[in-house]
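> sharing a model prediction with you, sequence too.
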Amino acid sequence: MTHPASIFAPISAPAQSIAGLSRLVLSMTAVIFVIVCTLLAYAMVRFRQRPPDNGREPPQVYGSTEIEIAWTVIPALIVLVLFLAAARVIAVIQNAAPPHDAIEIIVIGHQFWWEFRYPDFNVVTANELHVPVSGPAHQTPTFLTLLSADTDHSFWVPRLAGKTDLIPNHPNRMWIEPQQAGVYFGQCAQYCGTQHAKMLLRVYVQPREAFDRWIRDQRQVAVATDAVSEGRVAFETGPCLACHQVEGIAGNGQYGPNLTHLMSRDTIASGAALNTTENLRRWIRNPDSIKPGAKMPALGLSAQQIDAVTAYLETLR
């Protein structure tokens, strides 16, 4: 079974280039390791002390032009090969130009969650990135602009691409071209604070029809029914809108994830928990119980208010 974070099971063009380079480096270093271990074993056996020797040293060799040339030229050639191979992979990945139909996404790293903006579709979501699969007949790469809202982060989905840092006030770019539908797991790969380990992300690679359908659903405004009006009032009049945004409600909080289609996501708390009613209620009551050190505070709501807000959030699909 393929590990979900294995760099040796790439399904995207950049990851395939990196995996090929990794195999080359591992092969060359494995050969060097075997040669060095073989020479060490030979020296240990061939020149070990024997009873008749009485501690005498074997004949000593002082200087050898041939040996010195060999241990200078051979490592230099190895370094040159590795340098050229790495430079080629870096150039191929960094110099790729987006085609006219490429998907453009803005990725913003926050402590401790991911924000994804699709400027061409007017869609904003969090922690779960949706992209179309790219096939030979219709290549559809996805280009990511990487920004940070606070400190250094690093976007890394091993089966799709190498990690790229998100630096405050310094936009970076990367791209992926997944060729197989599925869900792929990633992580912030740069220590960014107490909840760095739980700054998780998922990439959903979908057939183009499913991706287009997801985009259409995300562009719809969620409509709350009268049955959850109490929860909506609590959400609108409480502190929630200071950090969160829901389309159709007055408020433009940017500090926390956009919740317009919260229930279309499989997880909450940046992948730390499944998006279930019980976990959602627990998250509202005490975020530290799921994610110690999370930036979301405990709001001190009553049990009735928590139930009402949970019921309202469950309508945001």
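Great, that's in hand.
> what about the strands in this protein?
Assigned by DSSP state E, the chain shows strands spanning 103-110, 113-118, 123-126, 128-132, 142-148, 153-156, 164-166, 172-176, 182-188, 200-206, 267-268, 273-274.
> could I get those strands as CSV with mean neighbour count, distance to residue 253 and mean pLDDT?
Using the backbone N, CA and C atoms, a C-beta is placed for each residue, glycine as well. Compiled in CSV, these are given as follows (neighbours: other Cβ atoms under 10 Å; distance: least, Cβ to Cβ, whole Å; pLDDT from 0 to 100):
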stretch, mean neighbour count, distance to residue 253, mean pLDDT
strand 103-110, 20, 12, 96
strand 113-118, 22, 12, 95
strand 123-126, 22, 12, 93
strand 128-132, 23, 19, 95
strand 142-148, 20, 18, 96
strand 153-156, 24, 20, 96
strand 164-166, 22, 21, 95
strand 172-176, 19, 26, 94
strand 182-188, 19, 22, 93
strand 200-206, 21, 21, 94
strand 267-268, 22, 17, 90
strand 273-274, 16, 21, 92
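> what about those strands, which gets the closest to residue 7?
strand 153-156 (9.9 Å; Cβ to Cβ).
> what sits up against the closest one?
107, 109, 114, 144, 146, 162-166, 174, 186-190, 192, 199, 201 (Cβ atoms under 8 Å, 6 or more residues apart in numbering).
> how about stretch 115-124?
103-109, 125-126, 128-129, 149, 215, 218-219, 245, 257-258, 260.
> one more time with 10 Å
Stretch 115-124 has contacts (Cβ atoms under 10 Å, 6 or more residues apart in numbering) with 102-109, 125-131, 144-145, 147, 149, 201, 203, 212, 214-219, 245, 247, 254, 256-258, 260-261.
> check the offset of it from the chain's centre.
In terms of Cα atoms, centre = their mean, to the nearest Å, the centre of stretch 115-124 is found 18 Å from the chain centre.
> same check, this time on stretch 146-155
The chain centroid and the centroid of stretch 146-155 are separated by 12 Å, computed with Cα atoms, centre = their mean.
> ok, now stretch 107-120?
That offset, for stretch 107-120, works out to 12 Å (Cα atoms, centre = their mean).
> same deal with stretch 203-210?
Relative to its parent chain, stretch 203-210 has a centroid offset of 17 Å by Cα atoms, centre = their mean.
> can you tell me what sits against that stretch?
Residues external to stretch 203-210 that are found in contact with it (Cβ under 10 Å, 6+ apart): 11-12, 116, 128-135, 138, 140, 142, 157, 159-161, 176, 178-186, 211-214, 265-266.
> any idea how far apart the tips of that stretch sit?
14 Å (Cα to Cα, to the nearest Å).
> please apply the same query to stretch 46-57.
Termini of stretch 46-57 sit 13 Å apart (Cα to Cα).
> for stretch 104-117, same thing?
9 Å.
> same question, stretch 48-67
End-to-end span of stretch 48-67 (Cα to Cα): 22 Å.
> quick one: mean pLDDT over that stretch.
Here stretch 48-67 scores 74 as its mean pLDDT.
> what does stretch 76-92 give?
Average pLDDT, stretch 76-92: 95.
> now it: buried residues?
residue 89 (16 or more other Cβ atoms under 10 Å).
> which residues does it contact?
By Cβ under 10 Å, 6+ apart, the list of residues contacting stretch 76-92 reads 13-14, 17-22, 24-25, 28-29, 31-32, 162.
> in these, find the pair that's most separated.
Pairwise over the contacts of stretch 76-92, using Cβ to Cβ, the maximum falls at 13 and 32, 29.6 Å.
> which residue comes closest to residue 157 once chain neighbours are left out?
Distances taken as Cβ to Cβ, 6 or more residues apart in numbering put residue 186 closest to residue 157, at 3.4 Å, once the chain neighbours are dropped.
> show me the shaky parts of the stretch 151-300 of the chain.
Residue ranges of the stretch 151-300 of the chain with pLDDT under 70: 222-227, 250-251.
> in contact with residue 263, which residues are there?
222, 275, 277, 280, 313-317.
> let me see the domain layout of this protein.
13-51+59-94, 226-313 (automatic domain parsing).
> so which of these is the most surrounded?
domain 226-313 (a mean of 17; mean count of other Cβ atoms under 10 Å).
> next one: that domain to chain centre, how far?
Distance, stretch centre to chain centre, for domain 226-313: 24 Å (Cα atoms, centre = their mean).
> stretch 103-113 now?
So, by Cα atoms, centre = their mean, the centroid of stretch 103-113 is 10 Å from its chain's centroid.
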